[in-house]
Every structure is written in structure tokens, then in C-alpha cells.
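Visitor: Build me a structure from this.
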Amino acid sequence: MTPGVRPADGATHDQKRVATPGAAIGAGADYLVVSRPVLAAPDPIAAVNDIVTDMIRGARSRRR
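Guide: Numbers count the residues shown, from 1 in each chain. Alright, predicted model coming up:
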């Protein structure tokens, strides 16, 4: 499980170490903890779509 996941343009808040969703998946994470970037977003659905898109990019890089 990987906490501290933030979109590339997201604030780190109280997290000392953060990774983008794509980087975390690309590095081998199987489960991500993402809440604030979604809950604090003006459009949570768009935020989730962006996060999932980045996760897909990370998964593709992991297979190479």
C-alpha cells in the first residue's frame, strides 16, 4: 500500500515523501492511497479521471 500519492501539480500538505500515481504504479505499487487530491478538488470526478489516466501510464511503463 502506497500513501502520499499526489498528482504532479498537487500540494504535498503534510507528506514528506510523495509520488505521482503513475510513478508509484511504475515503481511497483499495487495499491495507492489517494484522498485529499480527490476530496479537495473542485471537480472530484475529473481529479479521479486524471489520476487513473496517470496510473495507466505508469502501468504501461512497468511492463517494459
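Visitor: Spatially central residue in this protein, please.
Guide: P21 (2.6 Å; CA atoms, centre = their mean).
Visitor: Mind giving me the packing neighbours of the longest helix anywhere in the chain?
Guide: Looking across the chain with DSSP state H, the single longest helix is helix 44-62. When contacts are defined as 3 or more CB pairs under 8 Å, 6 or more residues apart in numbering; DSSP states H and E, helix 44-62 packs onto helix 21-26, helix 36-39. Heads up, the C-betas are built off the backbone N, CA and C, glycines and all.
Visitor: can I get these in CSV with distance to A46?
Guide: Formatted as CSV, the helices and strands packed on helix 44-62 follow (distance: least, CB to CB, whole Å):
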stretch, distance to A46
helix 21-26, 14
helix 36-39, 10
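Visitor: from those helices, which stretch is densest packed?
Guide: helix 21-26 (a mean of 22; mean count of other CB atoms under 10 Å).
Visitor: can you tell me how far I45 sits from V52?
Guide: 11 Å (CB to CB, to the nearest Å).
Visitor: Could you point out which residue ranges in the protein have low pLDDT?
Guide: Residue ranges of the chain with pLDDT under 70: 12, 63-64.
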